[in-house]
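Student: prediction below, plus the sequence it came from.
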Amino acid sequence: MGRFLAFVLGVAGALIASQGPSFTLQYMQNVQGRVDELTAIVETQEAEIRDHGYTREKAMNECKTATNLLDAFCTNYRMAVERLEYLTVHLAELEAATDYVRPLVLARAYDRGIAMSVREQFEPAVPTTLHGAVYAGGGFAVAWGLPLVIFSILGGMFGGGRR
């Protein structure tokens, strides 16, 4: 029974892990869309700032002492710039990783809001890429091997070697 259950868990692990590469790709597309959108917003704001003789640095420094209406603009501007910088670095890290490592990089450092957004739209599919198959094999090995070892140990402890 333990071997059968381990096999079922292995198949489930293969199916789940095989989705990693395609989920990661959709995540990256979502991040790229947000970077593009924020770039347009920040460029528009910085064009207005330049019209008043400011650079990004000078504007950020002045925003530290801003009050009232200027404070509202500064808060939005600062948040947009910081978010753009964060997402640009995050996307570069993902793009720098190989197809085989990218889902692991994403699992280590992901943006929760973006991941939730992708998850809402994500539809699992049978992977047809080599790295999808590699992740399926890895998921099967982990989800099958670990329970098999545990069931073997428990069977040895409590089963007395009987079948």
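Tutor: Happy to help now that I have it. Numbering: from 1, shown residues only.

Student: and for Ala97, the neighbour number?
Tutor: Residues lying near Ala97 (other C-beta atoms under 10 Å) number 15. Using the backbone N, CA and C atoms, a C-beta is placed for each residue, glycine as well.

Student: do you know how far it is from Pro21?
Tutor: Distance from Ala97 to Pro21, counting by C-beta to C-beta, to the nearest Å: 11 Å.

Student: what of Asn76?
Tutor: Applying C-beta to C-beta to Asn76 and Pro21 gives a distance of 36 Å.

Student: what does stretch 2-19 contact?
Tutor: 122, 124-127, 132-133, 135-145, 147-148, 151-152, 154-155 (C-beta atoms under 8 Å, 6 or more residues apart in numbering).

Student: the same query, at a cut-off of 6 Å, please.
Tutor: 124, 127, 132, 135-136, 138-140, 142-144, 147-148, 151 (C-beta atoms under 6 Å, 6 or more residues apart in numbering).

Student: helix or strand for Val134, just tell me which one.
Tutor: Assigned by DSSP states H and E, Val134 belongs to helix 130-158.

Student: so how far is Thr24 from the closest residue to Gln45 other than its chain neighbours?
Tutor: Spatial nearest neighbour of Gln45, excluding adjacent residues (C-beta to C-beta, 6 or more residues apart in numbering): Tyr77 at 5.3 Å. Look at Tyr77 and Thr24: by C-beta to C-beta, they are 31 Å apart.

Student: what is the neighbour count of Val134?
Tutor: Val134, neighbours per other C-beta under 10 Å, totals 17.

Student: how near is it to Tyr100?
Tutor: 6 Å.

Student: kindly report the same for Met28.
Tutor: Met28 is 15 Å from Tyr100, by C-beta to C-beta.

Student: so the two - more neighbours on which side?
Tutor: Taking other C-beta under 10 Å, Met28 and Tyr100 do not tie; Met28 has more neighbours (18 against 14).

Student: give me the element that one is part of.
Tutor: Element membership of Met28 [criterion: DSSP H and E] is helix 20-51.

Student: Ser117 now?
Tutor: Using DSSP H and E, Ser117 falls in helix 112-121.

Student: got the angle for that helix vs helix 20-51?
Tutor: 130 degrees (axes from the mean of the first three to the mean of the last three C-alpha atoms, to 10 degrees).

Student: give the buried residues for the helix or strand hosting Ala107.
Tutor: Taking DSSP H and E as the criterion, the element that holds Ala107 is helix 102-108. For helix 102-108, a neighbour-count test (16 or more other C-beta atoms under 10 Å) marks 102-103, 105-106 as buried.
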